[in-house]
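J.: Task: produce atomic coordinates for the following.
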Amino acid sequence: MGKMKMTEEHYNELYDMCADQHGNSDLAVIYDGYVWEGKSAMRFRWDIFWAIPIERRTPWTEKVYKYLNDDHIDSALKKIVKSLLTAQENA
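T.: Model prediction:
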């Protein structure tokens, strides 16, 4: 994967929001359900994003949409989801 355009600070904030919201969920089982239903990996990533409470998500998006677009956010979400899944596998 190439270098992300998202700043490290904003990436860490997004990672923390995703981990806080989903760290105790069995993401592998949830992802398997998405696959079984024919939903895409992208849909899974963005549903994780949209599940972050709006009061946390909105201030973050207001900052990052000044210099990023959805493709950049999706690149970060790919890395975050992979990291969360790996952490759960190794727990």
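J.: which helix of this structure spans the most residues?
T.: As assigned by DSSP state H, the longest helix anywhere in the chain is helix 70-89.
J.: what's around residue 14, how many residues?
T.: 22 (other Cβ atoms under 10 Å). Any C-beta I mention is one placed from the backbone N, CA and C, and that applies to glycine too.
J.: shouldn't it be in contact with residue 78?
T.: No: using Cβ atoms under 8 Å, residue 14 is not in contact with residue 78, being 11.6 Å away.
J.: What is the burial count for the residue lying closest to residue 64 once chain neighbours are set aside?
T.: Spatial nearest neighbour of residue 64, excluding adjacent residues (Cβ to Cβ, 6 or more residues apart in numbering): residue 10 at 5.2 Å. As a burial measure, residue 10 scores 19 neighbours (other Cβ under 10 Å).
J.: Please look at residue 10 and residue 65 and confirm they touch.
T.: No: using Cβ under 8 Å, residue 10 is not in contact with residue 65; the gap is 10.7 Å.
J.: how about the residue nearest to residue 64, what does it touch?
T.: Applying Cβ atoms under 8 Å, 6 or more residues apart in numbering, we find residue 10 in contact with 60, 63, 64.
J.: Good, wrapping up.
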